[in-house]
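Enquirer: fold the following for me, if possible:
(one chain, ligands or ions: 1)
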Amino acid sequence: MKNILLTGGAGYIGSHTVVELLENGFTLICVDNFTNSSPEVFDRLERITEQKVIWYDADIRDKKLLCSIVEDNVVDGVITLQDIRRLVNLLLTH
Ligand SMILES: NC(=O)c1ccc[n+]([C@@H]2O[C@H](COP(=O)([O-])OP(=O)(O)OC[C@H]3O[C@@H](n4cnc5c(N)ncnc54)[C@H](O)[C@@H]3O)[C@@H](O)[C@H]2O)c1
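Expert: Below is the predicted model:
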């Protein structure tokens, strides 16, 4: 399992996860809509690790976009880190 799709990858836990996984030989494909973070996080992560992070500015609720990201990349595993509870609440109230 080498290629990890990480949602919420620019967040607090996500950015630490990116460093740990990159330093342990994984390839990261990150998805974040930057509601609570910024794309500059990935510049910093690439500088720290001296490795490339593939990232998409995308909302995980956008099924079509998510499908195209999975089609465009080899994905062996998924880690999801944006707040699932908030997401579920949002979906239930709309
Ligand atoms: N920070 C902690 O100390 C801590 C402790 C225990 C558990 N957790 C859990 O870990 C998870 C991540 O926490 P965190 O502190 O890293 O949060 P965070 O807000 O820093 O990171 C979440 C990331 O998800 C992104 N995001 C939010 N909604 C999105 C969506 N619809 N599509 C794509 N990206 C989206 C945000 O922009 C952000 O970058 C949460 O579920 C939290 O409850 C955090």
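Enquirer: from the ligand, how far out is F42?
Expert: 11 Å (Cβ to the nearest ligand atom, to the nearest Å). In this view, the C-beta of every residue, glycine as well, is placed from N, C-alpha and C.
Enquirer: next, count neighbours for whatever residue of the chain ends up closest to the ligand.
Expert: Closest contact between the chain and the ligand, by Cβ to the nearest ligand atom, is at G11 (1.9 Å). G11 is flanked by 22 other residues according to other Cβ atoms under 10 Å.
Enquirer: with adjacent residues omitted, what lies nearest to it?
Expert: Distance criterion Cβ to Cβ, 6 or more residues apart in numbering; nearest residue to G11, sequence neighbours excluded, is S37 at 5.1 Å.
Enquirer: tell me the SS of that neighbour?
Expert: Following DSSP: H, G, I helix; E, B strand; the rest coil, the label given to S37 is coil.
Enquirer: how far away is it from L66?
Expert: 18 Å (Cβ to Cβ, to the nearest Å).
Enquirer: near the ligand, which residues of this protein are found?
Expert: Contact residues (Cβ under 6 Å from any ligand atom) of the chain with the ligand: 7-8, 10-14, 31-37, 59-61, 81-83, 87.
Enquirer: quick check on those: which are buried?
Expert: When the residues of the chain next to the ligand are checked for burial by 16 or more other Cβ atoms under 10 Å, the buried set is 7-8, 10-11, 14, 31-33, 37, 59-60, 81-82.
Enquirer: now intersect those residues with the helices, please.
Expert: G14 (DSSP state H).
Enquirer: quick check, nearest of the buried ones among the residues of the chain next to the ligand to E71?
Expert: Distance to E71, by Cβ to Cβ, is smallest for V31 among those, at 13.6 Å.
Enquirer: what sits against that closest one?
Expert: Counting by Cβ atoms under 8 Å, 6 or more residues apart in numbering, V31 touches 5-9, 55-56, 58, 60, 66, 69.
Enquirer: same question for V41.
Expert: V41 neighbours (Cβ under 8 Å, 6+ apart): 10, 15.
Enquirer: check for me that it belongs to a helix.
Expert: Yes. V41 forms part of a helix when assessed by three-state DSSP.
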